[in-house]
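# Sequence and predicted structure below; questions after.
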Amino acid sequence: MAEEVIKIKGGQRLNGKVQISGAKNSAVAIIPATILAEQQVTIDGLPEILDVETLVSLLGDLNIKTSLKGDTLEVNPKEIENVQLPNNKVESLRASYYMMGAMLGRFKKCVIGLPGGCPLGPRPIDQHIKGFKALGAKIDESSTSSMKIEAEELKGANIYLDVVSVGATINIMLAAVRAQGQTVIENAAKEPEVVDVANFLNSLGAKVSGAGTSSLKITGVPELGGSRHSVIPDRIEAGTYMCIAAACGDNIELNNIIAKHIDPLTVKLRELGIDVDIDEDSVRISSSEPYQSVHIKTLVYPGFATDLQQPITPLLFLAEGPSFVKDTIYPKRFKHVDELRKMGADISVDQGTATIKPSKLKGAEVYASDLRAGACLIVAALLAEGVTTIHNVRHIYRGYSGIVEKLRELGADVWTEEV
Ligand code: EPU
């Protein structure tokens, strides 16, 4: 079977502007959240990525009328039906778990396959389940391929999350907006995507307060209307292009960013010795190696994002000494390491911490194991001498809108081939 690969001839200096797309991790929650609406909804600023296409197609499976044109989605939920969603689609992405909270809120029951997504090590959903149960749902997990979630009534509850989870916070919020009475989620995730979803739900008529803090309050309402909402810019896509600019850019400008959301990365790049010229909604960066070595520890927001530890890693080969990256969120998110070694990198990993030493990268044949590993390989390939062939690029297309075109516009020598 033919497979598309991305090929990059490294060593070019890049310059120009990049328009950052809407946030994947907001979009993949807001699209399922439209199930809760009873009137027409329009979502603007969606990234043009595979995960968005899959979720829109899942809405269609529920007999919701949709029209996706460019970055705008129109949703008409008037003829919605509660049916079991096709397992193959549900399994193709992580965020399909948001169908659970949204369908539970809307119908009080659903039967749904288990979510898939990037293989980052164990990714349990016990906190989602704990939240649904606290709201009154009964959960049948006896099948290995699907789950039945059902509630006679959804009743507001006080829920304390044992781990700070973006997915669990949003999923519980989706169900709780239609529960009777008040729900409080303590130890909630504070990520900007949680705030964006809360704003979307409020635009439909929900009563969510405290989003962006660790205590979320949701007062249930009997029905939700329609609205028009614009998705926030993707801080991880922006961060990835900031790493690209720091690797090989001559004054690259990124537009459509929210400076505050990328603060944790900006601070780290400055520590490396990179001049980051940032204002509220744009940022300019050039490369200026050699860099200082740094220690990076991923944490929940506003700490350094786990989703950026892989894309920033190639920059650390340009530092004057060893750097260390510890991922406390996903200690096994290091599948990029073997691929970087194929490119000549001096990198090792032990107990959730990578040690990265100064290295000169060479083009090689490499495989993207997951979305951000793919982004890491792109940054590495741009830096490397010679041609790099990246396989498994569907992972990259799941999350980066028009990445080949955006790189080409910056002057990168990048192309795709069927092999
Ligand atoms: N966790 C549990 N139990 C749960 C839920 C999470 O133990 O019920 C643990 C996880 O194993 C992990 C930590 O809690 O160690 C945080 O997980 P979280 O639930 O926050 O992750 P997620 O919601 O599944 C989202 C993003 C990820 C991103 C993480 C962390 C989406 C669709 N995915 O995942 O994005 O890495 O938050 O910020 O929003 C990506 O974009 O490449 C990506 C993987």
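Everything's here; your move. Numbering: from 1, shown residues only.

# First-to-last residue distance for stretch 19-29?
Distance across stretch 19-29, first residue to last, is 22 Å (CA to CA, to the nearest Å).

# interface residues of the protein facing the ligand?
With CB under 6 Å from any ligand atom as the criterion, the chain comes near the ligand at residues 24-25, 28, 94-95, 118, 122-128, 163, 165-168, 189, 236, 306-307, 329-330, 371-372, 399. All C-beta atoms are positioned from the backbone trio N, CA, C, and that covers glycine.

# same thing but at 5 Å, please
Residues of the chain lying near the ligand by CB under 5 Å from any ligand atom: 25, 94-95, 124-127, 163, 165-168, 306-307, 329, 371-372.

# and Ser290, what does it touch?
Quick fix: residue 290 reads Pro, not Ser. Pro290 sits next to Gly273, Leu318, Ala319, Glu320 when contact means CB atoms under 8 Å, 6 or more residues apart in numbering.

# mind listing the helices for the stretch 101-250 of the chain?
Taking DSSP state H, counting those that start in this stretch, the helices of the stretch 101-250 of the chain run over residues 126-134, 166-176, 192-204, 235-248.

# repeat for the stretch 251-400 of the chain
Under DSSP H, counting those that start in this stretch, the stretch 251-400 of the chain gives helices at 263-272, 306-316, 336-342, 371-383, 394-397.

# Mind giving me the ChimeraX command for buried ones among the contacts of Pro290?
ChimeraX command restricting the contacts of Pro290 to the buried ones, with burial defined by 16 or more other CB atoms under 10 Å:
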select :273,318,319
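
# picking that back up, same list, the helices of the stretch 101-250 of the chain, but as TSV with distance to Gln182 and mean pLDDT please.
Formatted as TSV, these follow (distance: least, CB to CB, whole Å; pLDDT from 0 to 100):
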stretch	distance to Gln182	mean pLDDT
helix 126-134	13	96
helix 166-176	9	98
helix 192-204	15	98
helix 235-248	31	98
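
# so which of those helices comes closest to Lys69?
helix 192-204 (19.4 Å; CB to CB).

# mind putting the helices of the stretch 101-250 of the chain in a markdown table, mean neighbour count and distance to Ala354 included?
Below are those laid out as a markdown table (neighbours: other CB atoms under 10 Å; distance: least, CB to CB, whole Å):
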| stretch | mean neighbour count | distance to Ala354 |
| --- | --- | --- |
| helix 126-134 | 20 | 27 |
| helix 166-176 | 28 | 23 |
| helix 192-204 | 23 | 26 |
| helix 235-248 | 27 | 15 |
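
# can you redo these as a markdown table with distance to Ser359?
Converted to a markdown table, the helices of the stretch 101-250 of the chain look like this (distance: least, CB to CB, whole Å):
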| stretch | distance to Ser359 |
| --- | --- |
| helix 126-134 | 39 |
| helix 166-176 | 33 |
| helix 192-204 | 34 |
| helix 235-248 | 13 |
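
# Give me the distance between the residue of the chain found nearest the ligand and Asn25.
Nearest to the ligand, among the residues of the chain, is Gly167, at 2.8 Å (CB to the nearest ligand atom). Per CB to CB, to the nearest Å, Gly167 is found 9 Å from Asn25.

# anything in contact with each of these two?
Ala95.

# For Ile218, which residues are in contact?
Here Ile218 is in contact with 156, 173, 176-177, 179, 182-185, 206-209 (CB under 8 Å, 6+ apart).

# mind listing which of the residues you listed are in strands?
Secondary structure from DSSP state E places Gln182, Thr183, Val184, Ile185, Lys207, Val208, Ser209 of the contacts of Ile218 in strands.

# List the residues that contact the nearest residue to the last one once chain neighbours are set aside.
So that's Ser209. Using CB to CB, 6 or more residues apart in numbering and skipping the chain neighbours, the partner closest in space to Ser209 is Lys217 (4.9 Å). Taking CB under 8 Å, 6+ apart, we find Lys217 in contact with Gln182, Thr183, Val184, Val208, Ser209, Gly210.

# Any idea what the closest residue in space to Glu4 that isn't next to it in sequence is bridged to?
Counting by CB to CB, 6+ apart, Glu4 lies nearest to Thr416, which is 5.3 Å off, once chain neighbours are set aside. Counting by DSSP bridges, Thr416 is bridged to Ile6.

# shift numbering so it begins at 25
Sure thing, new numbering starts at 25, so read that last one as Thr440.

# Thr440: how many residues sit nearby?
Thr440 has 12 neighbouring residues, counting by other CB atoms under 10 Å.

# what sits opposite the spatially closest residue to Glu389 that is not a sequence neighbour in the beta ladder?
Excluding the flanking residues, the one nearest Glu389 by CB to CB, 6+ apart is Thr413, at 4.9 Å. Beta-bridge partners for Thr413, by DSSP bridges, are Lys31, Glu389.

# close enough to count as contact, Thr413 and Lys33?
No: the pair Thr413 / Lys33 is not scored as a contact, 10.7 Å apart, by CB atoms under 8 Å.
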